[in-house]
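Asks: the sequence isn't on hand, but the structure is:
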């Protein structure tokens with residue numbers, strides 16, 4: 001899912017997302033949308049779809065991760081979490097109940113339960129305490145969600161978030177608790193926050209032993225092309241990450257032949273397409289042109305590189321689906337990883 005945190009995928013128009021990149025679903029963020037433009041504005045507009053002009057599905061993160069990572073003076077209580085906005089310092093409270101109400105107003109097709117994302121280096125005692133709080137919040141989210149109606153004429157789905165840091169017993173406990181609530185899909189949170197990749201994969205494997213195979217499994221905030229392919233091999237279905245657009249805006253391009261730093265002088269006179277294998281808008285532009293735009297600080301350079309990277313990520317997901325269907329995913333993955341992780 002391309003990440004449209006504040007109601008827009010940075011530097012990319014909704015039309016380009018759908019027609020040029022082929023995105024089917026995008027992500028928004030409750031914390032950012034709650035602060036600006038506000039739930040009231042979005043409800044009055046008829047939801048985020050109408051407000052932004054995106055007519056495909058939308059998933060919203062609960063905002064919990066952003067509260068803990070961006071907001072100042074964050075304080076967790078049994079009621080919820082109080083915080084001060086990173087925008088203007090104003091004080092706010094997120095509870096499981098009002099986070100459900102905010103996401104009803106936003107109108108995302110898939111909404112996340114409020115959870116605490118504890119620091120990756122947390123010890124077992126704090127991780128257990130945090131998980132128990134997240135589980136209580138999840139039960140409150142579920143009750144509030146089930147007691148309220150969608151506001152914009154179409155149904156919404158609630159996904160629990162499985163936490164537990166890097167402790168297998170906590171991860172399995174969290175997954176079992178989430179499954180018992182019988183929702184439409186399940187998210188795996190709190191990974192790719194500094195732990196070794198091998199540990200992340202171990203946690204995914206542990207959780208996916210418990211999560212049902214016939215419902216979507218969503219790995220939140222991940223990640224690199226390598227992370228994505230390895231997680232797919234472990235049974236993950238859905239991903240989001242700011243990496244394609246953020247790295248693109250900084251001149252790092254993912255291609256089917258390897259990774260390019262388009263700022264490097266070696267691309268100054270390379271008039272070949274960014275990636276001939278990708279049939280997208282950006283294939284009409286050369287490496288030399290992208291190099292020039294990024295070096296000159298032109299906005300079009302940010303747009304071209306963002307669209308290119310999103311096209312690559314969507315290509316990667318489509319290829320993975322096709323290879324799974326064909327029965328040769330494992331061999332394809334090994335060859336693909338060697339190629340696409342090469343620094344050009």
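Replies: Nice, thanks for sending it over. Because the structure is predicted, anything quoted here is derived from the model rather than measured. Numbers count the residues shown, from 1 in each chain.
Asks: helices of the stretch 1-150 of the chain, start to end?
Replies: Taking DSSP state H, counting those that start in this stretch to define them, one finds helices in the stretch 1-150 of the chain at 14-15, 30-35, 39-44, 48-52, 64-69, 96-106, 124-147.
Asks: ok, the stretch 201-344 of the chain next?
Replies: Under DSSP H, counting those that start in this stretch, the stretch 201-344 of the chain gives helices at 225-233, 243-249, 287-296, 299-326, 329-340.
Asks: who does the first one touch, helix- and strand-wise?
Replies: The reference is to helix 225-233. Here helix 225-233 touches helix 197-208, helix 299-326, helix 329-340, going by 3 or more CB pairs under 8 Å, 6 or more residues apart in numbering; DSSP states H and E. Just so you know, the C-beta spots here come from the backbone N, C-alpha and C atoms, and that holds for glycine as well.
Asks: equivalent analysis for the shortest one, please.
Replies: Here helix 243-249 touches strand 252-255, helix 299-326, going by 3+ CB pairs under 8 Å, 6+ apart.
Asks: so which of the ones you listed is the most packed in?
Replies: Ranked by mean neighbour count, these are led by strand 252-255 with a mean of 23 (mean count of other CB atoms under 10 Å).
Asks: show me what the mean pLDDT comes to for it.
Replies: Average pLDDT, strand 252-255: 98.
Asks: now swap in stretch 275-287 and tell me
Replies: Regarding stretch 275-287, the rounded mean pLDDT is 82.
Asks: run the chain-centre distance for that stretch.
Replies: With CA atoms, centre = their mean, to the nearest Å as the basis, stretch 275-287 stands 25 Å off its chain's centre.
Asks: so what touches it?
Replies: 16, 20-21, 253, 255-257, 260, 262, 267, 270-274, 290, 304-305, 307-308, 311-312, 315 (CB atoms under 8 Å, 6 or more residues apart in numbering).
Asks: please repeat the previous calculation with a cut-off of 6 Å.
Replies: 20, 255-256, 267, 270-271, 273-274, 304, 307-308, 311, 315 (CB atoms under 6 Å, 6 or more residues apart in numbering).
Asks: first-to-last residue distance for that stretch?
Replies: Using CA to CA, to the nearest Å, the span of stretch 275-287 from its first residue to its last is 9 Å.
Asks: number of residues surrounding the nearest residue to residue 177 once chain neighbours are set aside?
Replies: Distances taken as CB to CB, 6 or more residues apart in numbering put residue 135 closest to residue 177, at 5.3 Å, once the chain neighbours are dropped. When counting by other CB atoms under 10 Å, one arrives at 19 neighbours for residue 135.
Asks: touching, residue 135 and residue 176? I think so.
Replies: No: with contact defined as CB atoms under 6 Å, residue 135 and residue 176 do not form a contacting pair (10.3 Å).
Asks: adding mean pLDDT and distance to residue 286, write the helices and strands packed on helix 225-233 out as a markdown table.
Replies: Converted to a markdown table, the helices and strands packed on helix 225-233 look like this (pLDDT from 0 to 100; distance: least, CB to CB, whole Å):
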| stretch | mean pLDDT | distance to residue 286 |
| --- | --- | --- |
| helix 197-208 | 97 | 34 |
| helix 299-326 | 97 | 10 |
| helix 329-340 | 97 | 21 |
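Asks: and these as a markdown table, adding distance to residue 124?
Replies: Shown next, in a markdown table, are these (distance: least, CB to CB, whole Å):
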| stretch | distance to residue 124 |
| --- | --- |
| helix 197-208 | 14 |
| helix 299-326 | 35 |
| helix 329-340 | 33 |
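Asks: quick one, what contacts residue 52?
Replies: By CB under 6 Å, 6+ apart, residue 52 lies in contact with residue 7.
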